[in-house]
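# after the sequence you'll find the predicted model.
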Amino acid sequence: MSKERIKIAEELYDIMPAEYQDLVKRATYGNEQRGWKDIGNAKELIEEHSLCAGCPESMAFRYILASLPNPEDTVMVGSTGCTSLVFPHVAVHNIHSLFGNQNAVASGLKRALTVRFPDRHKDVVVLAGDGATVDIGLDMTLQAWFRQEKFTTICFDNELYANTGGQESGLMQKGFVAKMAPVGKTFEKVRLPEIARESGCHYIVNCTVSKPNLIEKVIKNAIYIAREIGPTYLQLYTPCILEIGKNSMEGLQEMRDSEKPTERFAYKEYVSEPAKELLAELAAKEKERKAEVKRQLASTTVTV
Amino acid sequence: MTTSYRVMPGPEHFLPPSAASMGIRLPDPGQGHIHGSIVPEEEALEEAARQFLSARVPTIFPGPLVLWAWNDKAAKKAKAIRHLYETIKECVDSSCQQAMLIPMPDYRPKYPKINPEIEINPNHPNLTIWHNKIDACMFVGVHCHQANLSLKIIRGGTSCYTIAMCAQAGHEDAMLSVRDATADKIIRLADWVKKLKGSVAPPAEHSA
């Protein structure tokens, strides 16, 4: 929906619950500089959620929704899993696809939006769990990358099927014993970031969601590159505290422990050559914008 | 197809059948339906006005299609809805009746719970109806799929009389429905309320 359309009918404004009035008055739709620092200052695009207390996925959702560069013109595509419990609460258009079909749905959607709105950026962002991305939907995930579909795929990697009680997933680490995988995983964690690179993704990041500024940067990079060049992939560790035997307050530490240099979620990034050029261009523009703001501030100060 | 089934105030039962599956059909342009019987549109509007005037808590539930001013038509409809609400408020007996205007801002399920005093949610409309003791309501500006879902839940679990002012082809699952809703049609309904003021008996003191 265009931000020009997100307004409440004047005659019925007074009966709208406060949260919707806030959404119109205090949300950051249309603000190109929006980011994680708006959390707490502006109306968020997610408030209440139905995840477990302390779930790192809820942090990830907050950071991602705060970092979308263009939420009023973004459609998110989800799939079955814990993420699908959250989508009904977010104030961004979203589609729940059949389990594993998310990248196929997003492909059609992105193409249709490009035809329908040739002069506007319509961002499509897939957000699904590791089961949907790597196991059940691997075919659709890879085919979308092979075809160079211009959208971002985000995988919330909690390394098992958390929503259904802890079954083994392809992204589970070798040897891990889960509630419904008592023998322990017998083969290595699937190296999807590397597969993504070989499949044609132009920007790939593997990290945790412990650092909001980092998440903002990678989300924006991934979306800008997907808009202009081709598919991008983010694999974000969002541990399921219940399934790995942690308490509500231990999710953040679990992520910090898992992102140490020798650990499996140490920050890894791949940027293709065309994507590097685009990022350099964007960085130059941003530098120019900041310089301009500084110049304007200086001139205002002198005038005063 | 003829049917003896009638769409009546419930509680019908936990999972009432969709009225369409029971042989109730939608009205053609210029028509409405009352309890599933096709009638001229004007007759349906008159009966809707009677229901409002005879209810203890006549309520309008405007949905997202009119709450959000996404085009000029929506803004006009919002104005007409406010006019209808003010008219009902003016025409009922304030000693035993209370008109309400409660929004259905969107269709997202609300957790941990909704506040039934200030909104209605299509996934559990009965909560708002029970809480406010609503005995007649009108849906307007609600997308058809959500309206059907909600109207069935209301019919299944409450005794509320449902009216659907639909911008498309009408709703079988409401007890009374008018189709092709426009701002003018909503104002015509308000005119009927004004016209019938004083001629419809208000609800008996303890009949709820």
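Now that the structure is in, tell me what you want to look at.
# tell me the SS of the closest residue to chain B within the stretch 151-300 of chain A?
Residue nearest to chain B within the stretch 151-300 of chain A (CB to the nearest CB): A:Asn163, separated by 16.4 Å. In short, each C-beta sits where N, CA and C put it, glycine included. Following DSSP: H, G, I helix; E, B strand; the rest coil, A:Asn163 is assigned to coil.
# ok, it touching A:Cys82?
Yes: with contact defined as CB atoms under 8 Å, A:Asn163 and A:Cys82 form a contacting pair (5.0 Å).
# contacts only, for the residue of the stretch 151-300 of chain A closest to chain B.
Under the criterion of CB atoms under 8 Å, 6 or more residues apart in numbering or on different chains, the contact list for A:Asn163 reads A:80-82, A:85, A:129.
# change it to 6 Å
If you count contacts by CB atoms under 6 Å, 6 or more residues apart in numbering or on different chains, A:Asn163 has them with A:81-82.
# can you pull the pLDDT of it?
Predicted confidence (pLDDT) for A:Asn163: 87.
# and what of the one 3 residues further on?
With respect to pLDDT, A:Gly166 has a value of 92.
# any figure for the gap between the closest residue to B:Val200 other than its chain neighbours and B:Gln97?
Sequence neighbours aside, B:Leu53 is the residue nearest to B:Val200 in space, at 3.9 Å (criterion: CB to CB, 6 or more residues apart in numbering or on different chains). Computed as CB to CB, to the nearest Å, the B:Leu53 to B:Gln97 distance reads 8 Å.
# out of those two, which sits in the busier spot?
B:Leu53 (24 against 20; other CB atoms under 10 Å in any protein chain shown).
# per-residue pLDDT, the more buried one?
pLDDT for B:Leu53: 97.
# now it: which helix or strand?
Applying DSSP states H and E as the criterion places B:Leu53 in helix B:41-54.
# now that helix: buried residues?
B:41, B:44-54 (16 or more other CB atoms under 10 Å in any protein chain shown).
# for stretch A:98-118, same thing?
Result for stretch A:98-118 [16+ other CB under 10 Å]: buried residues A:99-107, A:109-110, A:113.
# quick check: mean pLDDT across it?
Computed over stretch A:98-118, the average pLDDT equals 97.
# any idea where the strands of chain B begin and end?
Counting by DSSP state E, chain B has strands at residues B:31-34, B:37-40, B:58-62, B:100-101, B:136-140, B:161-165, B:176-178.
# state the mean pLDDT of the last one.
Per-residue pLDDT values across strand B:176-178 average out to 98.
# next: the third one.
For strand B:58-62, the mean per-residue pLDDT is 98.
# now flag whichever of the buried residues of helix B:41-54 is closest to chain A.
The nearest member of those to chain A, counting by CB to the nearest CB, is B:Phe52 at 17.6 Å.
# and for the residue lying closest to that closest one once chain neighbours are set aside, the neighbour number?
Using CB to CB, 6+ apart and skipping the chain neighbours, the partner closest in space to B:Phe52 is B:Pro58 (4.1 Å). B:Pro58 has 28 neighbours, counted by other CB under 10 Å.
# same check, this time on B:Lys113
10.
# that one: what's it in contact with?
Not one residue lies near B:Lys113 by CB under 6 Å, 6+ apart.
# how close does it sit to B:Thr3?
Counting by CB to CB, the gap from B:Lys113 to B:Thr3 is 38 Å.
# also A:Leu234?
Taken as CB to CB, the span from A:Leu234 to B:Thr3 is 55 Å.
# what about these two, which has more around it?
Remark: of A:Leu234 and B:Thr3, A:Leu234 carries more neighbours, 30 against 11, as counted by other CB under 10 Å.
# report the beta-bridge partners for that one.
Beta-bridge partners recorded for A:Leu234 (DSSP bridges): A:Ile154, A:Val205.
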